[in-house]
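Participant: let me see the structure of the following:
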Amino acid sequence: MMQDAHCSNVEGCDDFCRVALSLFRFIGAAYATGASDCWEAAYRFADEAPGISDSPLLVARAAALVRILRSGRPCELCFMPPPCRRLSKDEAQLMRLLAVARSKQPGELESAVCQFVGDENEIATTRAVNALAFC
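Facilitator: Model (predicted):
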C-alpha cells in the first residue's frame, strides 16, 4: 500500500501497485498512440512480474478500469512514461484507490472513488478497482 496517499513517486507504492502502475502506463500509451506494441508490452510485463498468477486477467482488469475512467472524464487521464519514477496526479489517485481497496475499510473506497470521478461511473469504477485490487 502507499505510505502516503498523496505521494508523488513510485517508491511510496508496494509491489502490487508498482505492477498496476506500469500496466496503467502501457495501457495509457496504447490509447494515446494507437500502437499495439504497448499492449504487448503490458502483457509481457505482467507475465514477467513476480507473484502474478494470472497475468492476462490482471492486464484485462487494469484495462477495464482505464476504459471506465476514460469514458466518464471530459479530458484524458495523464500517464507518465513507464520508466518514470514520479507519479502524475491521476496516477497518484489511482494508486490511492488501489491502496484503499486493498485495505478493506468499508465505505472508504466509495468515498475515494467519488472524490476522483464524482457521481459519474462511481459504481462501475468501484467494482473495477476492487476487481483489480484483488486479482
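Participant: now name the helix or strand holding the most far-flung residue of the chain relative to its centre.
Facilitator: Using Cα atoms, centre = their mean, the residue of the chain lying farthest from its centre is P106. It sits 20.2 Å away. Following DSSP states H and E, there is no helix or strand that holds P106.
Participant: list the buried residues for the strand or helix carrying V100?
Facilitator: Using DSSP H and E, V100 sits within helix 89-103. Within helix 89-103, the residues scored as buried using 16 or more other Cβ atoms under 10 Å are 90-102. Glycine gets a C-beta too; all of them are placed from N, C-alpha and C.
Participant: list the contacts for the closest residue to L65 other than its chain neighbours?
Facilitator: Distances taken as Cβ to Cβ, 6 or more residues apart in numbering put A128 closest to L65, at 4.1 Å, once the chain neighbours are dropped. Contact analysis of A128 by Cβ atoms under 8 Å, 6 or more residues apart in numbering lists 61, 64-65, 68.
Participant: okay, L77 and A99: tell me how far apart.
Facilitator: For L77, the distance to A99 (Cβ to Cβ, to the nearest Å) stands at 18 Å.
Participant: err, E76, not the other one
Facilitator: 23 Å.
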